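Chemist: need a 3D model of the following:
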Amino acid sequence: MSSSSARIRTRAFIRQSGRCYYCRCLMWNDIIGLTAMAKNFALPLRQVRYLQCTAEHLNPRMNGGSNSHRNIVAACRTCNARRHRAKAPRDPISHQRHVQNRMRRKKWHPAWVYESAICAVQGNCF
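Modeler: Below you'll find the predicted structure:
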């Protein structure tokens, strides 16, 4: 990823208070590193890797989307990958609703996410 893309991703991370655009879980990036997040939540590094901050293009580049701050949000690696894994990926709003519905039922992430303070499902994150 280019340095300008990394800056846009970091700005989105800050704008979203370090929470994923889709699931609202805390993520890590250059500001809050992998090891710091693992230590703060007493989790193994292999688990925390799923919550890495990625730059999510709301309108994909292959569909003419740009690398502008208006088109990029911060999403955890899991949510970003699952959106694009489908044969016909959902649009961002539909995917967000789908994820939030699954989050309410604790059916999106592995159980350790809901058991830690990483996820604000217990609070009012939706």
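
Chemist: list the helices and strands the helix or strand where Asn40 lies packs on?
Modeler: Per DSSP states H and E, Asn40 falls inside helix 34-41. Applying 3 or more C-beta pairs under 8 Å, 6 or more residues apart in numbering; DSSP states H and E, we find helix 34-41 packed against helix 45-48. Using the backbone N, CA and C atoms, a C-beta is placed for each residue, glycine as well.

Chemist: list the buried ones in the helix it packs on?
Modeler: For helix 45-48, burial by neighbour count (16 or more other C-beta atoms under 10 Å) applies to 47-48.

Chemist: run through who's touching that helix.
Modeler: 28, 34-35, 37-38, 41, 110, 112 (C-beta atoms under 8 Å, 6 or more residues apart in numbering).

Chemist: now it, how far from the centre of its chain.
Modeler: Centroid displacement of helix 45-48 relative to its chain, using C-alpha atoms, centre = their mean, to the nearest Å, is 15 Å.

Chemist: so how far is the helix or strand following that helix off the chain centroid?
Modeler: Next helix or strand after helix 45-48 toward the C-terminus (DSSP H and E): strand 53-57. Centroid separation for strand 53-57 versus its chain: 7 Å, with C-alpha atoms, centre = their mean.

Chemist: CA atoms of stretch 62-71 as CSV?
Modeler: Taking Å, rounded to 0.1, in the frame of the first residue of the first chain, the C-alpha atoms of stretch 62-71 are listed here in CSV:
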residue,chain,number,x,y,z
MET,A,62,-12.4,-2.1,-10.1
ASN,A,63,-15.8,-0.3,-10.3
GLY,A,64,-14.2,3.1,-10.7
GLY,A,65,-13.8,3.9,-7.0
SER,A,66,-11.0,6.2,-6.0
ASN,A,67,-8.4,6.2,-3.2
SER,A,68,-9.9,9.4,-1.7
HIS,A,69,-10.8,9.8,1.9
ARG,A,70,-14.5,10.0,0.8
ASN,A,71,-14.3,6.4,-0.6
